[in-house]
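S.K.: Provide a 3D model corresponding to the input given below.
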Amino acid sequence: MARTEPGFELRHLRYFVTLVEERNFERAAARLGIAQPGLSQQIMSLERIVGTQLLDRSRRAVHLTHSGEILLQEARKVLVQTEATVAAIHRAGRGESGRISIGYVASAAYSGAVVGSIRDFKRDYPYVEVELQEMELRQQLQRIADGLLDFGYIRAPAPIPPGVSVEVVLREPLVAMIRDGHEFAARSIDTLARLTQETFITPRQPPDVGFHCNTLQACREAGFEPSVNAVAHDFTEIATLVGIGMGIALVPQSMSRVELPDIHYRPLGDVTVTSDVAIAYRKGEGSPATKAFIGRHRQKISPPASGEIGKAPVSGEPSDTTLSALRRSPPVGSELDLSRLHEEGCKVDL
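M.R.: Numbering: from 1, shown residues only. Here you go, the predicted model:
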């Protein structure tokens, strides 16, 4: 009687993906905590289950066949979904004493929109564990969509994955970051058009995302196409490049709190474009703790009156907490606001 192979199991996919990532049976076995012969047997068992060869054994190094390449792509999707499913089950089981994983971009923290809101939430929900991670905004959005992150503070605009809701909680004016010795270092800038010949430094972002998009939009509003050098990784690098004379940058007003040598922040008299801090979370979120956290933010979001979409007042100097900032600058629901940005030339995928 022919020997019947056991059924397909998730461990087969984990073993296979780990082997491909390590490209060596010995290293993969050590990472998995099993013996090398056992790993070899599991891979051969997987090949018998799927009915095709996954590894090209004519080569010394681990090399995939075409079928192996297809399985690798699908296996990674299954494992990510499995991780997301297990995470969702754990969140539901923990209830109000659970854990919320929160991502944020550094510029949102400078605005006061992170520390204040979490501090206020922890005061009323002391048994909820908060896990805070600084993370690039597009990575935040994708991890939220995948169920690997509960909540994020981002800077709009950005392409929004399906199943993710985004709402603006704070709007900030843009200011010019310029070096000491610049002609506008000690005087106001009545119009952005005076900076037509400058190079504008932005983070390494596509032109439809965050500060890169804000810069393009503000300059186009002023009547010129800017020279943009998207080379910086973060604000520290932006400030360094500005300080050594590589260009200038348009940044949120709250960045002026960061006092750096030889750096000046100048208001822009005619710029209406704002840098918007937004919250992001999954639609239909089921975790009680996360729903409570989302609800605390949404209570502070005042919907615009009829005919006022896109005309929300711009905030002044941001306060130390999100709550007081919101009282001074009623925000607009982001999905409406991001649509406005889309109409003005910044791609937004809702």
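S.K.: and the end-to-end length of stretch 179-196?
M.R.: From its first residue to its last, stretch 179-196 covers 16 Å (Cα to Cα, to the nearest Å).
S.K.: swap in stretch 247-260?
M.R.: Distance across stretch 247-260, first residue to last, is 16 Å (Cα to Cα).
S.K.: For it, could you pull out the residues that count as buried?
M.R.: For stretch 247-260, the neighbour count (16 or more other Cβ atoms under 10 Å) marks 247-256 as buried. All C-beta atoms are positioned from the backbone trio N, CA, C, and that covers glycine.
S.K.: same thing with stretch 188-208?
M.R.: 189, 192, 194-195, 198, 200-203, 205, 208.
S.K.: Strands - which of the buried residues of stretch 247-260 land there?
M.R.: In this view, the buried residues of stretch 247-260 that belong to strands under DSSP state E are 249-252.
S.K.: As a check, name the ranges of all helices in the protein.
M.R.: 10-22, 25-32, 36-50, 66-94, 106-110, 115-124, 137-145, 210-221, 235-243, 288-298, 322-328, 334-343 (DSSP state H).
S.K.: Spatially central residue in the chain, please.
M.R.: In the chain, the residue lying closest to the centroid (Cα atoms, centre = their mean) is L137, at 1.8 Å.
S.K.: tally of neighbours for the nearest residue to that residue once chain neighbours are set aside?
M.R.: Spatial nearest neighbour of L137, excluding adjacent residues (Cβ to Cβ, 6 or more residues apart in numbering): I154 at 4.1 Å. Other residues within reach of I154, judged by other Cβ atoms under 10 Å, total 28.
S.K.: show me what contacts I154?
M.R.: 105, 108, 137, 140-141, 166, 210, 277-280 (Cβ atoms under 8 Å, 6 or more residues apart in numbering).
S.K.: 6 Å instead?
M.R.: 105, 137, 140, 278, 280 (Cβ atoms under 6 Å, 6 or more residues apart in numbering).
S.K.: shouldn't H297 be in contact with Y281?
M.R.: No. Applying Cβ atoms under 6 Å, one finds H297 not in contact with Y281, separated by 8.8 Å.
S.K.: quick one: low-confidence ranges for the stretch 51-200 of the chain?
M.R.: Scanning the stretch 51-200 of the chain for pLDDT under 70 picks out 88, 90-97.
S.K.: Let's see that with 50 instead.
M.R.: Regions of the stretch 51-200 of the chain meeting the criterion pLDDT under 50 are absent.
S.K.: sorry, back to before: between the ones in strands among the buried residues of stretch 247-260, which sits nearest A185?
M.R.: Using Cβ to Cβ, A249 comes nearest to A185 of these, at 14.0 Å.
S.K.: Report the contact partners of that closest one.
M.R.: 177, 201, 238, 242.
S.K.: partners of the first one in the sheet?
M.R.: What it means is M177. Bridge pairing for M177 (DSSP bridges) gives the partners A249, Y265.
S.K.: for the second one, same thing?
M.R.: The partner list for I201 in beta bridges (DSSP bridges) reads N229.
S.K.: Next one: it from H182, what distance?
M.R.: For I201, the distance to H182 (Cβ to Cβ, to the nearest Å) stands at 13 Å.
S.K.: where's the closest residue to V80 other than its chain neighbours relative to E167, distance?
M.R.: In this structure, V80 finds its nearest non-sequential neighbour in D146, 6.0 Å apart by Cβ to Cβ, 6+ apart. Relative to E167, D146 is positioned 20 Å away (Cβ to Cβ).
S.K.: The two: who's more crowded?
M.R.: Neighbour totals were compared for D146 and E167, and E167 leads with 22 against 16 (other Cβ under 10 Å).
S.K.: who does the residue nearest to L137 bridge with?
M.R.: A278.
S.K.: Ok, R99 next?
M.R.: E129.
S.K.: Let the chain start at 50 from now.
M.R.: Fine by me, first position is 50 from now on; the one you just mentioned is R148.
S.K.: List the contacts of A288.
M.R.: 309, 312.
S.K.: Swap in 10 Å and give it another go.
M.R.: Taking Cβ atoms under 10 Å, 6 or more residues apart in numbering as the criterion, A288 is in contact with 226, 228, 250, 281, 298, 300, 304, 307, 309-312.
S.K.: Closest one to G117 out of those, please.
M.R.: Minimum distance to G117 across the contacts of A288 is 39.6 Å, recorded for A281 (Cβ to Cβ).
S.K.: Can you get me a residue count around that closest one?
M.R.: By the criterion of other Cβ under 10 Å, A281 has 22 neighbours.
S.K.: The residue lying closest to it once chain neighbours are set aside - how many residues pack around it?
M.R.: In space, A281 comes closest to I287 once its chain neighbours are excluded; the distance is 4.3 Å by Cβ to Cβ, 6+ apart. When neighbours are counted by other Cβ under 10 Å, I287 registers 24.
S.K.: Contacts only, for I287.
M.R.: Contacts here follow Cβ under 10 Å, 6+ apart; on that basis I287 touches 226, 250-252, 260, 280-281, 295-298, 300, 304, 312.
S.K.: Nothing else from me, thank you.
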